[in-house]
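J.: Sequence and predicted structure are below.
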Amino acid sequence: MFTKNHIKLDAINSTNEYALSLQVTPAFKEGLVVTASYQSRGNGQRGRIWESNANENLLLSVVIEPNININKQSEISKIVALSVCDLLTDLGLNPKIKWPNDILVDKQKIAGILIQNKLKGNLIIHSVIGIGLNINQMNFKKYLPKATSLQLLLNKEFDIAKIQMQLLSFLSDRIKQFRNGTSQEQEYLCALFLKDKPAAFESGNQQFMGIIKGVSQSGKLLIQKEDDSIAEFENQQVKFLF
Ligand code: BT5
């Protein structure tokens, strides 16, 4: 799926932005892969920035044509997160998905995902899936959660192009499974960070204890509160205190 149409850039503001800028061209179609050795302003969620040393990490955007209703958009982020977990598990790590879009190993962030959808009515016709995966970088700023990389965890240097190929292969497998109707919900729940564990959260300046039970169809985080009621949270409405 991601084999024919690959644009390799040395430096760019953001691979997602670059892919989106191709919307007016025939290149913007399912299978397009854009990678860069360096991003001058990599995008995170909501104006946040993804920082990465040049030539040390994977900075990747791919385009797919989901043709699914917008109310199913969280399905896309689930399969993308699972594909990153597939790669990390294959390398012998034990990754977790911190809802909605962080991939953690040992409570440290090794990858971030940014999905930007293009709609026609209620239909997602294109998704630009951006993945930043820390591979060989050894020093990071003090983020919360703390950042880590494959090399920090596994004490060896990795071939970025090879990791990229493996990740794209896991991602296309996950997309195929999704399209043939195979449920990946159980695997997602198993990989969900803090699922079924009492933990502290904050919402609207109030701290509370709760237990993550899952993610709703519409992508909201489901937390069981101390009175056993289940509360639903949108992205940004709840903070993990760990
Ligand atoms: C994300 O946002 O985690 C999504 C990051 C997606 C980056 C990829 S790179 C290729 C593609 N092209 C783009 O322009 N973007 C995508 P968010 O959850 O908002 O997390 C951003 C936060 O993570 C920052 O505010 C920092 O606190 C932290 N951070 C920044 N760089 C990091 C890194 N390399 N490793 C770990 N944490 C980092």
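T.: In hand now; what should we look at?

J.: Not counting its neighbours along the chain, what's nearest residue 85?
T.: On the basis of CB to CB, 6 or more residues apart in numbering, the spatially nearest residue to residue 85 that is not a chain neighbour turns out to be residue 95, at 4.4 Å. (C-beta placed from N, C-alpha, C; glycine too.)

J.: Could you pull out the helices in the protein for me?
T.: With helices called from DSSP state H, the chain shows them at 15-21, 73-90, 150-154, 160-179, 185-191.

J.: Tell me the buried residues in the lowest-mean-pLDDT helix or strand in the chain?
T.: Lowest by mean pLDDT, DSSP states H and E among the helices and strands of the chain is strand 239-241, with a mean of 93. When burial is assessed from 16 or more other CB atoms under 10 Å, strand 239-241 yields the following buried residues: residue 240.

J.: right, is it up against the ligand?
T.: No: judged by CB under 6 Å from any ligand atom, strand 239-241 stays clear of the ligand, getting no closer than 12.0 Å.

J.: Partner strands of that strand, with direction?
T.: strand 198-203 (antiparallel) (DSSP bridges).

J.: Which residues does the strand it pairs with contact?
T.: The contact list for strand 198-203, computed with CB atoms under 8 Å, 6 or more residues apart in numbering, reads 207-212, 223, 233, 237-242.

J.: again, but for stretch 134-147
T.: Outside stretch 134-147, the residues that reach it (CB under 8 Å, 6+ apart) are 51-53, 56-58, 98, 102, 104, 107-111, 148-152, 157-158, 160, 163.

J.: Please pick the buried ones from the residues you listed.
T.: 51-52, 56-58, 98, 102, 104, 108-111, 148-152, 158, 160, 163.

J.: What is the burial count for the nearest residue to residue 166 once chain neighbours are set aside?
T.: Distances taken as CB to CB, 6+ apart put residue 87 closest to residue 166, at 5.6 Å, once the chain neighbours are dropped. By other CB atoms under 10 Å, 25 other residues sit near residue 87.

J.: tally of neighbours for residue 224?
T.: So residue 224, with other CB under 10 Å, has 17 neighbours.

J.: who's in contact with residue 87?
T.: Contacts of residue 87 (CB under 8 Å, 6+ apart): 133, 163, 166-167, 170.

J.: and of these, the nearest to the ligand?
T.: Nearest to the ligand among the contacts of residue 87, counting by CB to the nearest ligand atom, is residue 133 at 8.2 Å.
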